[in-house]
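>>> predicted model, plus sequence, below.
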Amino acid sequence: MTTTATWRIALADVVLDERERAAVDDVLRDGWLSMGPITEQFEAAFAERVPGDAVAVTNGTAALHLAAAAHGIGPGDEVICPTLTFVASAAAMAQTGARVRLADSTSLDDFAIDPAEIERLVTPRTKAVVVVHYGGAPADMEAIHAVAARHGLLVIEDAAHALGSELDGAACGCLGDAGCFSFFPNKNITTGEGGMVVFRDAEAAAKARLLRSHGMTALTWDRHRGHATGYDVVEVGFNYRLDELRAALGLVQLSRLDELNDARTRLAARYRESLTGSGFIVPTLGGRGRSAHHLVVVLAPSHEERELARERLRDARIQTSVHYPPIHRFSHYRREGGRLPIAEEIADRVVTLPLHPKLTEADVDSVCHVLRDV
């Protein structure tokens with residue numbers, strides 16, 4: 001997402017250079033574009049960062065859906081999901097035929113799913129809980145696992161914000177039964193579109209690999225190498241394959257993850273320091289472990305002051321957003337939520353501020369100057 005003349009300071013931006021261009025050029029010269037050896041290399045490199053069985057897919061929503069499908073979630077099941085997340089977290093579960101039950105956030109300082117809400121919502125039909133590491137901050141996995149163990153629930157991590165996040169020395173994305181990542185252009189690394197699922201269980205991973213490509217027992221790459229001459233179809237599957245061009249981008253971006261996340265961490269610290277005493281609260285988001293700092297968010301004193309702040313920032317050509325409108329407020333999901341007051345208050349007061357590795361400290365100071373004036 002290239003910064004345009006519309007914004008002086010953009011919310012997000014991509015960091016690409018000759019390394020990514022060279023990797024894509026190599027694929028183009030080789031001529032094999034669909035899923036093949038580069039995708040396999042990307043999966044292997046990813047599994048070194050997030051231990052488990054890594055399965056590359058076409059986007060983050062596909063990652064969530066494939067994680068659920070590979071674990072047998074389907075009609076008649078229920079899945080508990082936080083309401084304060086991007087709608088894909090819930091939509092991917094609904095696509096399996098399961099019913100989604102929406103849960104409140106923990107507090108105004110910790111936006112992740114409240115473990116007590118899981119306990120409140122669980123029924124004999126509940127099969128899984130989706131955990132979102134909001135903004136890159138690890139959720140309270142100890143408490144979540146305790147509830148999940150009591151009720152025999154699968155734990156699916158939506159780790160789209162959390163590549164590089166750690167809890168007690170372990171990477172987010174390998175803390176549950178499956179960890180799902182997105183490589184959309186605003187994420188900590190990007191392939192344009194793309195995603196990854198990391199499985200704890202080898203059998204679930206094998207099922208995911210089968211479902212990823214139409215339930216076929218052999219792939220085009222297998223036949224090209226002479227490893228197969230035909231194939232059977234043994235499941236009703238999907239077309240969730242990642243192509244070689246995006247896998248090549250992913251390999252380079254993954255090698256730069258620490259560099260990119262270090263820049264985010266420095267900028268997030270400057271925001272926190274600069275906004276101390278401003279009236280805008282920078283939540284700790286639970287303060288557990290190590291955050292990948294996908295987002296920097298602040299809470300305004302009120303909804304009205306939030307709207308004024310966004311207006312002043314827009315006038316200064318500084319882009320902002322709101323992460324997120326709660327899912328239970330959307331028309332399609334309204335019946336599933338009822339009132340979820342903590343998430344609603346967060347959504348009414350939160351502002352997402354610009355954060356990406358191209359941002360400068362002077363840019364951060366400009367954003368904070370406008371907020372302090374409000």
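Cool, the structure landed. Predicted model only: the values in this text are computed from it and were never measured.
>>> contact partners for V55?
The neighbours of V55, taking C-beta atoms under 8 Å, 6 or more residues apart in numbering as the test, are E43, L66, M196, V197, V198, F199, A205, A208, R209, R212. C-beta coordinates here come from the backbone N, C-alpha and C atoms, glycine included.
>>> do you know how far R264 is from R19?
Counting by C-beta to C-beta, to the nearest Å, the separation of R264 from R19 is 19 Å.
>>> between those two, which one's more packed in?
Neighbours around R264 and R19, counted as other C-beta atoms under 10 Å, are more numerous at R264. The numbers are 22 against 14.
>>> closest to D365 out of the contacts of V55?
Of all the contacts of V55, the one with the least separation from D365 (C-beta to C-beta) is M196, at 35.5 Å.
>>> isn't there a strand covering the closest one?
Yes - inclusion of M196 in a strand is indicated when DSSP: H, G, I helix; E, B strand; the rest coil is applied.
>>> let me see the contact set for the closest residue to it other than its chain neighbours.
Closest residue in space to M196, ignoring its immediate chain neighbours: F181 at 4.5 Å, by C-beta to C-beta, 6 or more residues apart in numbering. Residues in contact with F181, defined by C-beta under 8 Å, 6+ apart, are V50, G60, A63, A159, A160, L163, G173, K187, G195, M196, V197, V198.
>>> just say helix, strand or coil for F181.
F181 falls in the strand class when you classify it by three-state DSSP.
>>> ok so, going back, closest to D373 among the contacts of F181?
K187 (31.3 Å).
>>> so R8 sits right up against D315, yeah?
No - assessed by C-beta atoms under 8 Å, R8 is found out of contact with D315, at 10.7 Å.
>>> these two: who's more crowded?
Set side by side, R8 and D315 give different neighbour counts by other C-beta under 10 Å, the larger being at R8 (13 against 9).
>>> hey, where'd the strands end up in the stretch 251-374 of the chain?
With DSSP state E, counting those that start in this stretch as the criterion, the stretch 251-374 of the chain has strands at 296-299, 350-353.
>>> can I get the first one in PDB, CA atoms only?
Yep, that's strand 296-299 we're talking about. Taking only C-alpha atoms (Å, rounded to 0.1, in the frame of the first residue of the first chain), the coordinates of strand 296-299 have been written out as PDB:
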ATOM      1  CA  VAL A 296      -0.800   1.300  18.200                       C
ATOM      2  CA  VAL A 297      -4.100   2.200  19.600                       C
ATOM      3  CA  VAL A 298      -5.200   4.900  22.100                       C
ATOM      4  CA  LEU A 299      -8.400   5.400  24.000                       C
END
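>>> picking that back up, pipe the strands of the stretch 251-374 of the chain into CSV and attach mean neighbour count per row.
Shown next, in CSV, are these (neighbours: other C-beta atoms under 10 Å):
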stretch, mean neighbour count
strand 296-299, 23
strand 350-353, 23
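>>> of these, which approaches L308 most closely?
strand 350-353 (10.6 Å).
>>> do me a favour and average the pLDDT over the closest one.
Along strand 350-353, the predicted confidence averages to a pLDDT of 98.
>>> mind giving me the packing neighbours of it?
Packing partners of strand 350-353 (3 or more C-beta pairs under 8 Å, 6 or more residues apart in numbering; DSSP states H and E): strand 296-299, helix 303-315.
>>> longest single strand anywhere in the protein?
Longest strand in the chain by number of residues (criterion: DSSP state E): strand 126-132.
>>> how distant is that strand from the center of its chain?
Relative to the centre of its chain, strand 126-132 is centred 15 Å away, using C-alpha atoms, centre = their mean, to the nearest Å.
>>> remind me which residues of the stretch 251-374 of the chain are low pLDDT?
By pLDDT under 70, the low-scoring segments of the stretch 251-374 of the chain are 337.
>>> just the helices in the stretch 101-250 of the chain please.
Assignment of helices within the stretch 101-250 of the chain using DSSP state H, counting those that start in this stretch yields the ranges 115-121, 141-151, 202-212, 220-224, 244-255.
>>> ok, back up a step: in its sheet, which strands sit next to the longest strand of the chain, and in what direction?
According to DSSP bridges, strand 126-132 forms sheet pairs with strand 78-82 (parallel), strand 154-158 (parallel).
>>> and the first one, average pLDDT?
It refers to strand 78-82. For strand 78-82, the mean pLDDT works out to 98.
>>> same question, stretch 216-231
Across stretch 216-231, pLDDT averages out at 74.
>>> quick check: end-to-end length of that stretch?
Start and end residues of stretch 216-231 are separated by 6 Å (C-alpha to C-alpha, to the nearest Å).
>>> and stretch 178-192, by the same measure?
23 Å.
>>> buried ones in that stretch, by neighbour count?
If you call a residue buried by 16 or more other C-beta atoms under 10 Å, then stretch 178-192 has these buried ones: 178-191.
>>> from the residues you listed, which two are the most distant?
Distance extremes for those: the farthest pair is A178 and P185 at 23.7 Å, using C-beta to C-beta.
>>> count of residues packed around V79?
The number of residues packed near V79 is 25, by other C-beta under 10 Å.
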